[in-house]
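*Asks:* Any chance you could fold what I've pasted below:
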Amino acid sequence: QVQLVESGGGLVQPGGSLRLSCVASGFAFSRSVMSWYRQAPGEERELVARISSAGDSTNYADSVKGRFTISRYNAENTVYLQMHSLSPEDTAVYYCNARRAGLYHYDYWGQGTQVTVSS
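*Replies:* Residues are numbered from 1 along each chain as shown. From the prediction side, this is the model:
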């Protein structure tokens, strides 16, 4: 059974930090490209950050570059999103995504975790 379980969301003041975690099971995590997306109310879901299967390549949305860091620990099937200097514009539901191309392709989503930045 495929599972992506996010945690670490919550309410934080502007300028604060949070670290999101996503624990995966039921598929080949170490062969998957892992991403974090977010969706604010009334907005489309957008890519926040992506990390290659080996963890040696990352991509970020321009709006989070320099503030967010994506990382992964394949031995524990976990991907992280460290977020600093949070602003109200970062308020959204954050989703973990696992994707693999080719013969064994798949595209899995977690249930999301709410991040609210407010004073």
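*Asks:* separation between the residue most central in space within the chain and residue 103?
*Replies:* In the chain, the centroid-proximal residue (Cα atoms, centre = their mean) is residue 36; its distance is 2.5 Å. Distance, residue 36 to residue 103, by Cβ to Cβ, to the nearest Å: 26 Å. Placement of C-beta: from N, CA and C, glycine included.
*Asks:* again, but for residue 55
*Replies:* 23 Å.
*Asks:* So the two - more neighbours on which side?
*Replies:* Using other Cβ atoms under 10 Å, the more surrounded residue of residue 55 and residue 103 is residue 55, with 15 against 5.
*Asks:* what's that one in contact with, if anything?
*Replies:* Listed by Cβ atoms under 8 Å, 6 or more residues apart in numbering, the contact set of residue 55 reads 71-72, 74.
*Asks:* Show the model's pLDDT score for residue 104.
*Replies:* On pLDDT, residue 104 comes in at 87.
*Asks:* how many neighbours does it have?
*Replies:* 10.
*Asks:* Please pull up the helix or strand immediately following the helix or strand encompassing residue 79.
*Replies:* Using DSSP states H and E, residue 79 maps to strand 78-83. Downstream of strand 78-83, the first helix or strand assigned by DSSP H and E is strand 92-100.
*Asks:* Any idea how far that following strand is from the middle of the chain?
*Replies:* 5 Å (Cα atoms, centre = their mean, to the nearest Å).
*Asks:* Please work out the average pLDDT along that strand.
*Replies:* The pLDDT scores in strand 92-100 average 98.
*Asks:* got the buried residues for the following helix or strand past it?
*Replies:* Toward the C-terminus, strand 92-100 is succeeded by strand 106-109 as the next helix or strand (DSSP H and E). Of the residues in strand 106-109, 108-109 count as buried by neighbour count, 16 or more other Cβ atoms under 10 Å.
*Asks:* OK, contacts around residue 85?
*Replies:* Residue 85 neighbours (Cβ under 8 Å, 6+ apart): 15, 17, 67.
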